[in-house]
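> everything below, folded, please.
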Amino acid sequence: MPQVEAAEIFRRTTDLLSRGAAEEALAILVEAVARHAEDAGIACRFADALHATGRLAEANAAYRRALALDGTIFDAWYGLGCAELSGGAYGAAIAALRGAVAVRPERVDAHFNLGKALFEMGEIDSAIAHFRSATTAEDAALREQALAAIACIIPGSGQADNALILQARRDWTAGIEATCERLVEARASARLPRRKLRIGYVSAFFGARNWMKPVWGVINNHDRAAFELHLFSDGQDPSIESGYRDRSADYVHRVWGASNASLAGHVARAEIDVLVDLNAYSFQRRLGLFARHPAPVTLGWFNMFATSGLSGLDYIVADAAVIPPEEESFYCERVLRVDGSYLAFSVLYPVPDVAPPPCRSGEGLVLGCLCSQYKITEDVVAAWARILHAAPQTRLLVKNRHLDDGSTQSHLHQRFAARGIAPSRVLLEGGAEHFAFLETYARIDVALDTFPYNGGTTTMEALWQGVPVLTVNGDRWASRTSRSLLEAAGLGAWVLPTREAYVEKAIALAHAAETPRRLAELRAGMRRRLEASRVCDSAGLCRQLERIFRDVAARAGVRG
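Prediction:
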C-alpha cells in the first residue's frame, strides 16, 4: 500500500506542477517526502516544487538527495542543472546538465541548457555543438532559440570563420525578416523642407557608464544646430552619472516593453532620418526593429563585432583595423570606415588614479584579465597556461562577476589544472562595484587580452588605468577590436601577429630585468598619451560620423 500511495502522490503532484500549481504540489510533497523518504521519484518532485516556487538553494539540496537515491533520474539531473543555471552557478550547472544528457541524450532541451552553461564559462565550441543539437527540436520555439543562440555567440568560436559567422546569422535572421514588413524606403528630397537631420540612437544600455564611453563621447559632441537627436532607450534613462551631458533639445523615448512592430511605427512617425543600432546582439530581440527598416537609413555602430545578418541594416561603421577591404563580402551591410578607431572613448565619471606597477616590488610579474568569463575560451586558457609554465615567477589574476560563484571558480581552476597549473598560480575573484573593480588594475602589471573575442570596454579601461594590453591581431572583427584601440593609442607594439608571438611576448616581459622600469614609465604617462591620441578624440570621431550621416541620408533622398 505505501507504494500505491507514493505512486498516486507522484502522479498527482506531477499533474499539479504541469498546470503551474506549484504551491499546492509543494504542500502535498512536504509531508510525502517525510513519509516516503526512500522514494527517489517523490524526492525529485519535491525538488521540482521547491524550484518552481523560487527556493533554489533548497531545491538544489533536494535534487541531490533524489540523485543519491537514484542516479538515473533524468528529471533530477535536468532540474538541478536548470536551478544551478538560474542561480549563476555555471560550473555546477555544467556538471548536472552533462548528467542529464548522459541519461537522456535525445532530450534536446537538456542540450540547449547545457549549451547556455558552457557558453557562460567560455567553452564556446562545445556550447555551439549542444545548441546545434537543439536545432533539431520538434518545438519551433526551441529551434528558433537555438539558432538565435548560435548567431549570438559564434563570433567567439575558435572553430568559426567569417563565412560561418555570416551563415549562422543569416540562418537566424532569415526567419525574422520573412515575417517583417519593410516600412520606409527612400524619401524624395524635393518633397521635404530643409531641416535638421534627425538621428535616432537605439540602446538598452544608456545607463551603463562603463559600456557607453564611446557613445557618450560622440553624442555629447554632436552639433545640435545641424542634428536633432532621439534616444530610444530599452533600459535606464541616459543620465549625467552614466556620462550623458543632458541637452534640452534631445528627445528621450522610453521604449522598454514595446514590440518591434509598434516601435517601428513610432520611429517612422517621428520621421527619423538615420536610425543607429547601438545594441547588435547584446540586446538581440531589438534586431527585429531593424528588420522592418523603419527609417530611410539604418546603420550599425559601436557594438557590432560582425555582420548583423540583416538585409534591413543598410550600413555598418568600422575602421581599417577591424574590417579590411577583402572581408567586406562577409557583411550584409555596406561597410563605412572612419579614420582612427571606431571606438574613440571619453571617461566621463570618477575613476581611480593610475598606480605604479606591482612588479616593482620584486615579486614577479602579475598578469591579469578582467574580461567577461565567456571570453575565456579553451584556447585562451591553453595560451595562459603556457605563459605560466614558462615564467614560473608570474601569477595570473582573473576577475569577473561570474566568479562570484564557487562552482564556477572550481570549474575554471580545473581547466588550468588539466594543463598542469596549480590553483595557487591563478587568483580568481568575483565582481565588484565599478570604482572598486577598476582599482584591481593597481594589482596588475600587464593585461592579457582574450581571443577570438577581444575585450572592448575592458581594453579601454585597462589602458586608462595605465595597464598595457597584450593582444593578438585575429582573423575577424571580434578578434581585432583591441588592435583598433591600441593602434589608435600609439601602442601598436602590444599587438602581436600570432598567438605564438603573444605567448612569447608575455614570457619575455616576465623574464626581462628592465620590465618593471619600462612599465612604470609607460604607466606614468599613459593618460597623457591617450588624451593626445586618436583613441580619445571623441570630437573628431563625432565629426566623422556626422559626415557619414549626411552622406547616407543624401543617398536616401533626405535633405538636411
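> separation between the closest residue to residue 64 other than its chain neighbours and residue 257?
Leaving out its chain neighbours, the residue that sits closest to residue 64 by CB to CB, 6 or more residues apart in numbering is residue 80, at 6.8 Å. The way it works is simple: take the backbone N, C-alpha and C, and place the C-beta from them, glycine included. Counting by CB to CB, to the nearest Å, the separation of residue 80 from residue 257 is 33 Å.
> which one of the two is surrounded by more residues?
residue 80 (29 against 8; other CB atoms under 10 Å).
> so how far is stretch 473-484 from its chain's centroid?
Remark: stretch 473-484 is offset 16 Å from the chain centroid, using CA atoms, centre = their mean, to the nearest Å.
> for that stretch, list every residue counted as buried.
In terms of neighbour count (16 or more other CB atoms under 10 Å), stretch 473-484 has its buried residues at 473-474, 476-484.
> what about the residue most central in space within the chain, is that helix, strand or coil?
In the chain, the centroid-proximal residue (CA atoms, centre = their mean) is residue 282; its distance is 6.0 Å. What DSSP: H, G, I helix; E, B strand; the rest coil gives for residue 282 is helix.
> doesn't the residue nearest to residue 64 belong to a helix?
Yes. Membership of residue 80 in a helix is supported by three-state DSSP.
> isn't residue 546 right next to residue 225, touching?
No. Between residue 546 and residue 225 there is no contact under CB atoms under 8 Å: 11.3 Å.
> the two: who's more crowded?
residue 546 (18 against 8).
> the helix or strand harbouring the more buried one packs against which elements?
Using DSSP states H and E, residue 546 sits in helix 538-555. Contact partners of helix 538-555 among helices and strands, from 3 or more CB pairs under 8 Å, 6 or more residues apart in numbering; DSSP states H and E: strand 197-203, helix 213-219, strand 274-277, strand 297-300, strand 315-319, strand 334-338.
> quick one: strands adjacent to the fifth one?
Next to strand 315-319 in the sheet, as set by DSSP bridges, lie strand 297-300 (parallel), strand 334-338 (parallel).
> the helix holding residue 546 to strand 315-319, inter-axis angle?
Compare the direction of helix 538-555 with that of strand 315-319 by axes from the mean of the first three to the mean of the last three CA atoms, to 10 degrees and you get 150 degrees.
> other residues contacting helix 538-555?
With contact meaning CB atoms under 8 Å, 6 or more residues apart in numbering, helix 538-555 is reached by 189, 197, 199, 214, 217-218, 220-223, 226-227, 273-274, 296-297, 299, 301, 314-315, 317, 336, 338-342, 344-346, 534, 559-560.
> which of the residues in it are buried?
Buried residues in helix 538-555 (16+ other CB under 10 Å): 538, 541-546, 548-550, 552-553.
> going along the chain, name the helices of the stretch 251-400 of the chain.
260-269, 287-291, 378-390 (DSSP state H, counting those that start in this stretch).
> for the second one, packing partners?
What it means is helix 287-291. Applying 3+ CB pairs under 8 Å, 6+ apart, one finds that helix 287-291 contacts helix 162-177, helix 260-269, strand 274-277.
> over to the longest one?
Other elements packing on helix 378-390 under the criterion 3+ CB pairs under 8 Å, 6+ apart are strand 395-399, helix 406-417, helix 499-511.
> same question, the first one
Using 3+ CB pairs under 8 Å, 6+ apart as the contact test, the elements touching helix 260-269 are helix 287-291.
> picking up where we left off before, with mean pLDDT and distance to residue 160 added, can I get the helices and strands packed on helix 378-390 in JSON lines?
Below are these laid out as JSON lines (pLDDT from 0 to 100; distance: least, CB to CB, whole Å):
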{"stretch": "strand 395-399", "mean pLDDT": "98", "distance to residue 160": "24"}
{"stretch": "helix 406-417", "mean pLDDT": "97", "distance to residue 160": "21"}
{"stretch": "helix 499-511", "mean pLDDT": "98", "distance to residue 160": "16"}
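> dump these to a markdown table, plus distance to residue 6 and mean neighbour count.
What follows is these, written out as a markdown table (distance: least, CB to CB, whole Å; neighbours: other CB atoms under 10 Å):
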| stretch | distance to residue 6 | mean neighbour count |
| --- | --- | --- |
| strand 395-399 | 48 | 21 |
| helix 406-417 | 32 | 19 |
| helix 499-511 | 57 | 18 |
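> want to throw those into a markdown table with distance to residue 137?
A markdown table is the format used below for the helices and strands packed on helix 378-390 (distance: least, CB to CB, whole Å):
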| stretch | distance to residue 137 |
| --- | --- |
| strand 395-399 | 35 |
| helix 406-417 | 27 |
| helix 499-511 | 36 |
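> and these: which comes nearest residue 452?
Closest to residue 452 of the helices and strands packed on helix 378-390 is helix 499-511 (CB to CB; 9.9 Å).
> now that closest one, how far from the centre of its chain.
27 Å.
> can you check stretch 462-480 too?
In terms of CA atoms, centre = their mean, the centre of stretch 462-480 is set 16 Å apart from its chain centre.
> from the opening residue of it to its closing one, how far?
End-to-end distance of stretch 462-480 (CA to CA, to the nearest Å): 16 Å.
> so what's the residue nearest to the centre of the chain up against?
Contacts of residue 282 by CB under 8 Å, 6+ apart are 204-205, 303.
> for the helices and strands packed on helix 538-555, give me JSON lines that also has mean pLDDT and distance to residue 184.
Shown next, in JSON lines, are the helices and strands packed on helix 538-555 (pLDDT from 0 to 100; distance: least, CB to CB, whole Å):
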{"stretch": "strand 197-203", "mean pLDDT": "98", "distance to residue 184": "12"}
{"stretch": "helix 213-219", "mean pLDDT": "97", "distance to residue 184": "23"}
{"stretch": "strand 274-277", "mean pLDDT": "98", "distance to residue 184": "9"}
{"stretch": "strand 297-300", "mean pLDDT": "98", "distance to residue 184": "9"}
{"stretch": "strand 315-319", "mean pLDDT": "98", "distance to residue 184": "15"}
{"stretch": "strand 334-338", "mean pLDDT": "98", "distance to residue 184": "17"}
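> can I get the ones you listed in CSV with distance to residue 523 and mean neighbour count?
Listed next are the helices and strands packed on helix 538-555 as CSV, based on distance: least, CB to CB, whole Å; neighbours: other CB under 10 Å:
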stretch, distance to residue 523, mean neighbour count
strand 197-203, 33, 24
helix 213-219, 20, 24
strand 274-277, 35, 27
strand 297-300, 35, 27
strand 315-319, 26, 24
strand 334-338, 29, 18
